[in-house]
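Visitor: pasting a predicted model and its sequence here:
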Amino acid sequence: MDIHNLKQKIDASGKKLNTLGQEYARAKDDVSARKVLVKFFNEIAVQNLFLAEQIAQLDRNQKGIR
């Protein structure tokens with residue numbers, strides 16, 4: 001996967017995190033707030049995976065490996 005595709009996925013994930021953060025702030029009770037937090041932490045894990053892939057690709061590009 002190239003850097004451009006990874007950047008798009010990271011940006012989309014960042015927007016989703018922003019939306020989930022706003023949803024958490026609007027939560028009216030503990031149960032709904034916890035549900036949003038679970039989604040938020042799951043999305044953070046997804047974004048970390050994308051960032052790790054991007055770092056690995058940058059390393060490969062720097063070394064001249066495709």
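Guide: Perfect, thanks for sending it. Numbers count the residues shown, from 1 in each chain.
Visitor: distance of the spatially closest residue to L51 that is not a sequence neighbour relative to D30?
Guide: Once its chain neighbours are removed from consideration, L51 has its nearest residue in I10; the separation is 6.4 Å (Cβ to Cβ, 6 or more residues apart in numbering). In short, each C-beta sits where N, CA and C put it, glycine included. As judged by Cβ to Cβ, to the nearest Å, I10 and D30 stand 31 Å apart.
Visitor: can you show me the helices along this structure?
Guide: In the chain, helices defined by DSSP state H lie at 3-26, 30-63, listed in chain order.
Visitor: is it possible to get CSV of those helices that adds mean neighbour count and mean pLDDT?
Guide: As requested, these are exported to CSV (neighbours: other Cβ atoms under 10 Å; pLDDT from 0 to 100):
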stretch, mean neighbour count, mean pLDDT
helix 3-26, 13, 92
helix 30-63, 13, 93
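Visitor: burial count for D29?
Guide: A count of nearby residues for D29, using other Cβ atoms under 10 Å, gives 7.
Visitor: and the gap between it and F41?
Guide: According to Cβ to Cβ, D29 stands 19 Å off from F41.
Visitor: quick one: the residue most central in space within the chain and K63, what's the gap?
Guide: Computing the C-alpha centroid of the chain and ranking residues by Cα atoms, centre = their mean puts Q47 first, at 2.4 Å. Computed with Cβ to Cβ, the distance linking Q47 and K63 is 25 Å.
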